[in-house]
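Colleague: here's a sequence, model it:
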Amino acid sequence: MASRYSKFKILDNDSDYYAPLRKSRGLRNIQHFETPILHHPGVLTRAVIKSETYMWKYGDRLYNLAHQYYGNAEFWWIIAWYNGYPTEASIRNGAIIEIPLSLEEVTVALGL
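Modeller: This is a model prediction of the structure:
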């Protein structure tokens, strides 16, 4: 699977905010990816995406679930965003979350 940033432009940032960093590194500008805008999938989109229901319990970690379902812990953010939780601390024990099973389908639904 390609990087989640492969569709985004690389921007040259020469703002004053980064002046000390540029100076310390001897750079004229700093390049970074444009900020992606993610979308929350609507009801109809969620109905099409196959997912598995999971009950959150004490000790669970999003990165562990991502590793279990996707084989890569780096995709923890997909489960978090899909369920509308910014962090693990926001998920209460006993909460029901949905784990989308297809990375391709869910990244399209999120606008990536």
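
Colleague: CA atoms for contacts and neighbours, from now on please.
Modeller: Will do.

Colleague: pLDDT below threshold where in this structure?
Modeller: Applying pLDDT under 70 to the chain picks out residues 1-5.

Colleague: go with 90
Modeller: 1-23, 25-49, 81-82, 84, 86-87, 102-112 (pLDDT under 90).

Colleague: give me the residue at the spatial middle of it.
Modeller: Centroid-nearest residue in the chain: Trp77, 3.6 Å away (criterion: C-alpha atoms, centre = their mean).

Colleague: quick check: end-to-end length of stretch 30-38?
Modeller: 24 Å (C-alpha to C-alpha, to the nearest Å).

Colleague: alpha carbons only: can I get the helix or strand Gln68 falls within in PDB?
Modeller: Using DSSP states H and E, the element containing Gln68 is helix 62-70. What follows is helix 62-70, C-alpha atoms only, in PDB (Å, rounded to 0.1, in the frame of the first residue of the first chain):
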ATOM      1  CA  LEU A  62      -5.300   1.100  19.000                       C
ATOM      2  CA  TYR A  63      -1.900   0.200  17.700                       C
ATOM      3  CA  ASN A  64      -2.400  -3.400  18.900                       C
ATOM      4  CA  LEU A  65      -5.700  -3.600  17.100                       C
ATOM      5  CA  ALA A  66      -4.200  -2.200  13.900                       C
ATOM      6  CA  HIS A  67      -1.400  -4.800  14.100                       C
ATOM      7  CA  GLN A  68      -4.000  -7.600  14.600                       C
ATOM      8  CA  TYR A  69      -6.400  -6.500  11.800                       C
ATOM      9  CA  TYR A  70      -4.000  -4.900   9.300                       C
END
